[in-house]
Each structure stands twice: as C-alpha cells, then as structure tokens.
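Colleague: Provide a 3D model corresponding to the input given below.
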Amino acid sequence: MAEKENNEQNVEPFDQEKGNRTAFERVQLARHPERPYTLDLVERLFEDFQEVHGDRRFAEDPAIVCGFARFHGLPVAIVGHQKGRDTKQRKIRNFGMPKPEGYRKALRVMKLAEKFGRPVFSFIDTPGAYPGIDAEERGQAEAIAFNLREMVKLRVPVIVTVIGEGGSGGALAIGVGDQVLMLENAIYSVISPEGCAAILWKDAQQADRAADSLRLTAEDLLRLNLIDATVEEPDGGAHKGHDETAQLLDVVLSQRLAEAVSQTAGFRMRRRYERLREYGRWGVAPSSARDE
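Modeller: Have a look, this model is predicted:
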C-alpha cells in the first residue's frame, strides 16, 4: 500500500494544462500504476477474446499476452505487453519485461493471423526486454531481431499502439506496423531517462534533463514522423478513466484500421520497411518530411 501511495504522489500533481507538462512528467504518467494495461483495453475494445499460450519451443511468457478476438465484429489477432497490478502479478508478469519465448509467442500468433487473414493489433507497454542471463542464453537479441524482420513481411494490416512505456528493442520487437499510434502521455525511447542520465552525467537524478533530450514524448515523435498519430487521454491521464481512454482509442483504431485495410499488402510492407529504416537517423529529416 505504501508503494502504491508513493507512486501516486509522484504523478497526481500533473492535472495541469496538458501542454505545460514536461517530458519527465509524461514519463511518470506513462508509468502510473493505475494506467490501463493491455488486458484492460482488450476487455473494453474487443469481444470474444481467446488467449493463446506458449511459443511451442520453450515456455509460456506471461509478460506478453496474445490471442484472437473480434473488433466490431471483425476477427483480429492481439499481442501486447502486460504488467501486473500487485506484487504477486508483477512477479508473474516479470514487470512487463518479456523473455525470448514471449516474442516468439507473439510472432507465432502474428503468423497465424497472416495465415487466416486477420489484422493484428499490437499494444506496447514495457520498460524493455528482460536483460537476465537466462534470457540472453536463450537468444533474446535474436528473437527481437527475427521479429523485426518478420513483422515487416506480414501481409495483413498491423496497427501498433504505445499505451504506456515503449522501452528500446523490447518495445520495437512488436512495434513494426502500418500505423503506429501513441496515447498522448505514453513514451517511446531507446533508453530510459534514468539510464541515459547515468551514462551521460553519471547521475540518475538528472533523469528530467535526459527526458527532454531524448525526445521521447508522443508530440516529439509525431513531429519527427516516427509515429502516425497521438490519441487523446482523459483529463489528468489515462489512469483517470479506463473506459474513457478505451472509447477515445476505439475511434482512432477504427479509422486507422480502415485506412490500412484499403491499402495493398505490397504498399504496407514497403511502408513498414521504410519506417523501420528511418529509426535512429540523426541530423537528416525523415524521408516523408523531405518529400514534402
């Protein structure tokens, strides 16, 4: 209870005007313990969700949830990171940090979706892939890299939404899509502000300074053409109203799915590949901006 109260004290003051929030305040909102997670949104956005378990190679990874459902009557596939609400669930879900079997499970479901012509919805919310020795021994880097390659080639529409934290390759491994959306207080970055500050200034206390430099907010990434749209949240943040957050997201997901479905598979694959190639480019405007 004390931990929950402390977390809430860190973020509750941000009921100020949305435009006045600093990058680090958005980081704290993205990490809010009451923020809606993947299963909270699945419950509100989809019908008849049937979860799929296991990667058929090693084990089940509860840090990623996968399955099939219906979105406004349309059969779809769902993959997403899942954090836990209490201490027990956080341990089971490994705090939303997947191991290789989690990414392989996600790809298994995406390949099934491709086989049966079902669009894929991906929900990102992770501080990053699990960096433990056991995960590295089972091919963590290879699993992430393989997903990047295979997601580019999926012939079905892929709609990605960053709903909380989007941490490094752990997020990108299920983040290659035709449409990449972010909730307005979500973040997406190669490293956490604390990690960046510890490397650059040997002081994790300068995380707020690092957050500004990383350009990790939805507004920053939209301006850089690295995402397609931001999704409004309820006043005060998504944790203030799960139902309202889902309603706002539902409208955007419906619009973006209709757009993706109207495009050819070849166009979608080329666009995914081009976007992936733009990530990490520094000092040069993204191709879409150069073409304008």
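Colleague: Neighbouring strands - and their directions - for the lengthiest strand in the chain?
Modeller: For the chain, the strand that runs over the most residues, judged by DSSP state E, is strand 158-167. Take DSSP bridges as the rule and strand 158-167 pairs in its sheet with strand 120-126 (parallel), strand 179-183 (parallel), strand 187-189 (parallel).
Colleague: Mean neighbour count for those - can I get that in a markdown table?
Modeller: The way it works is simple: take the backbone N, C-alpha and C, and place the C-beta from them, glycine included. What follows is the strands paired with strand 158-167, written out as a markdown table (neighbours: other CB atoms under 10 Å):
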| stretch | mean neighbour count |
| --- | --- |
| strand 120-126 | 27 |
| strand 179-183 | 25 |
| strand 187-189 | 26 |
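Colleague: any chance of these in a markdown table, with distance to residue 82 and mean pLDDT too?
Modeller: Formatted as a markdown table, those follow (distance: least, CB to CB, whole Å; pLDDT from 0 to 100):
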| stretch | distance to residue 82 | mean pLDDT |
| --- | --- | --- |
| strand 120-126 | 8 | 97 |
| strand 179-183 | 16 | 96 |
| strand 187-189 | 18 | 95 |
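Colleague: can you map out the strands along this protein?
Modeller: Taking DSSP E as the criterion, the chain carries its strands at 47-52, 64-71, 74-81, 120-126, 158-167, 179-183, 187-189, 229-231.
Colleague: Indicate which one of the ones you listed is closest to residue 101.
Modeller: strand 64-71 (8.8 Å; CB to CB).
Colleague: need the strands paired with strand 158-167 in TSV with distance to residue 228, can you?
Modeller: Formatted as TSV, the strands paired with strand 158-167 follow (distance: least, CB to CB, whole Å):
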stretch	distance to residue 228
strand 120-126	13
strand 179-183	5
strand 187-189	13
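Colleague: which stretch among the ones you listed comes nearest residue 244?
Modeller: strand 179-183 (11.8 Å).
Colleague: quick one: that closest one to chain centroid distance?
Modeller: Centre-to-centre, strand 179-183 and its host chain are 8 Å apart (CA atoms, centre = their mean, to the nearest Å).
Colleague: Number the chain from 465, please
Modeller: Yep, numbering from 465; the last one is strand 643-647 now.
Colleague: which other residues reach that strand?
Modeller: Among residues not part of strand 643-647, those counted as contacts by CB atoms under 8 Å, 6 or more residues apart in numbering are 622-628, 630, 652, 682, 685-686, 690-695, 697, 702, 709, 713, 716-717, 720-721, 723-724, 739.
Colleague: Drop anything exposed from these.
Modeller: Listed as buried from the contacts of strand 643-647 are 622-628, 630, 652, 682, 685-686, 690-692, 694-695, 697, 702, 709, 713, 716-717, 720-721, 724, 739; burial here means 16 or more other CB atoms under 10 Å.
Colleague: Tell me where the stretch 615-756 of the chain is predicted with low confidence.
Modeller: For the stretch 615-756 of the chain, applying pLDDT under 70 flags the ranges 745-756.
Colleague: returning to that earlier point: including distance to residue 565, could the strands of the chain go into JSON lines?
Modeller: What follows is the strands of the chain, written out as JSON lines (distance: least, CB to CB, whole Å):
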{"stretch": "strand 511-516", "distance to residue 565": "13"}
{"stretch": "strand 528-535", "distance to residue 565": "9"}
{"stretch": "strand 538-545", "distance to residue 565": "13"}
{"stretch": "strand 584-590", "distance to residue 565": "15"}
{"stretch": "strand 622-631", "distance to residue 565": "19"}
{"stretch": "strand 643-647", "distance to residue 565": "25"}
{"stretch": "strand 651-653", "distance to residue 565": "24"}
{"stretch": "strand 693-695", "distance to residue 565": "30"}
